[in-house]
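Asks: Turn this into a model:
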Amino acid sequence: MMPQDNEKIIRHKPIERINHWAVVICFLFTAISGLGFFFPSLNWFMNILGTPQLARILHPFVGTAMFLLFVFMFFRYFHHNFINKEDIKWAKNIGKVLKNEEAGDVGQYNLGQKGVYWVVTICLLLLAVSGVIMWRPYFADFFSIPIYRAAIIVHSISAIALIIMIVVHAYAAIWVKGSVRAMVEGWVTRGWAKKHHPRWYREIVEKEKQQQQEKN
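Replies: Model (predicted):
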């Protein structure tokens, strides 16, 4: 049954959702084509960007687009992702969390979500720097062979770490009912907010009260 409008809380604004899914699309193209480069048995993955030859040309451009789009996301969510004492409490009660029971006075994001934010940030930064060093024919010739080889290792490890983290992130979003809808339609129910992010819910309620008082 669809909840009434007064039971809905906006969690992600349209610009945030558009940005998120644009990053996802770029990630899929770069990750799949990148796996094709890395594993000979998966060379056919490169066809996601047309042909293997075209994939080698487009891969770094799509990767650059993903990085730039994520920069917007990084600054948009930066102030929500500092670790506090409630996050430590959340971590100590990870057993309850795995049973889909929340622990701690969680704000906009819990420790797991903050972890995804910082790991993805680090991985994309490493991928961007190493990718520029490897980018032929534009930048690779400016670097020595040892640096180029080190960049390949860093790029590969960062890519695998990013793929694993995104898979974990996607699984968690599906596992916690209502999370995917929040990023597709932008809203969650009040019950969902109160259960999973109680401090954030109280902040929303307090803001609503202030707005109501201003109207009156």
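
Asks: which stretches of the protein form strands?
Replies: For the chain, strands defined by DSSP state E occupy the ranges 8-10, 187-189.

Asks: Reformat the ones you listed as CSV; add distance to residue 151.
Replies: Quick note: C-beta positions are derived from backbone N, CA and C, even for glycine. Putting the strands of the chain into CSV (distance: least, C-beta to C-beta, whole Å) gives the following:
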stretch, distance to residue 151
strand 8-10, 42
strand 187-189, 41
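
Asks: show me the contacts for the closest residue to residue 91 other than its chain neighbours.
Replies: Leaving aside its chain neighbours, residue 91 sits nearest to residue 111 (5.4 Å; criterion: C-beta to C-beta, 6 or more residues apart in numbering). Going by C-beta atoms under 8 Å, 6 or more residues apart in numbering, residue 111 touches 83, 87-88, 90-91.

Asks: can you do 6 Å?
Replies: Contacts of residue 111 were listed using C-beta atoms under 6 Å, 6 or more residues apart in numbering, and they are 87, 90-91.

Asks: Same list (the strands of the chain) but as TSV, adding distance to residue 181 and mean neighbour count.
Replies: Shown next, in TSV, are the strands of the chain (distance: least, C-beta to C-beta, whole Å; neighbours: other C-beta atoms under 10 Å):
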stretch	distance to residue 181	mean neighbour count
strand 8-10	10	17
strand 187-189	7	19
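
Asks: quick one: the helices in this structure?
Replies: Here the chain has its helices, by DSSP state H, at 14-38, 52-77, 85-92, 94-98, 111-134, 145-175, 179-184, 190-196, 198-215.

Asks: Out of the helices and strands in the protein, which is least certain?
Replies: Ranked by mean pLDDT, DSSP states H and E, the weakest helix or strand in the chain is helix 94-98, scoring a mean of 79.

Asks: what residues does that one touch?
Replies: residue 103.

Asks: List the buried residues for that helix?
Replies: Buried positions in helix 94-98, judged by neighbour count with 16 or more other C-beta atoms under 10 Å: residue 97.

Asks: what distance separates that helix from the middle of the whole chain?
Replies: On the basis of C-alpha atoms, centre = their mean, to the nearest Å, helix 94-98 sits 22 Å off its chain's mean C-alpha point.

Asks: And stretch 123-131, by the same measure?
Replies: Distance, centroid of stretch 123-131 to centroid of chain: 15 Å (C-alpha atoms, centre = their mean).

Asks: Identify whichever of the strands of the chain lies nearest to residue 155.
Replies: Closest to residue 155 of the strands of the chain, according to C-beta to C-beta: strand 187-189, at 36.7 Å.

Asks: Please name the strands paired to that closest one in the sheet, noting orientation.
Replies: strand 8-10 (antiparallel) (DSSP bridges).

Asks: Tell me the gap between the partner strand and the middle of its chain.
Replies: 21 Å.

Asks: ok, now stretch 158-175?
Replies: For stretch 158-175, the distance to the chain centre is 9 Å (C-alpha atoms, centre = their mean).

Asks: Contacts for it next, please.
Replies: Residues outside stretch 158-175 that contact it (C-beta under 6 Å, 6+ apart) are 31, 34, 116, 119, 123, 126-127, 179-180.

Asks: What subset of these is buried?
Replies: Burial by neighbour count, judged by 16+ other C-beta under 10 Å, picks out 31, 34, 116, 119, 123, 126-127, 179 from the contacts of stretch 158-175.
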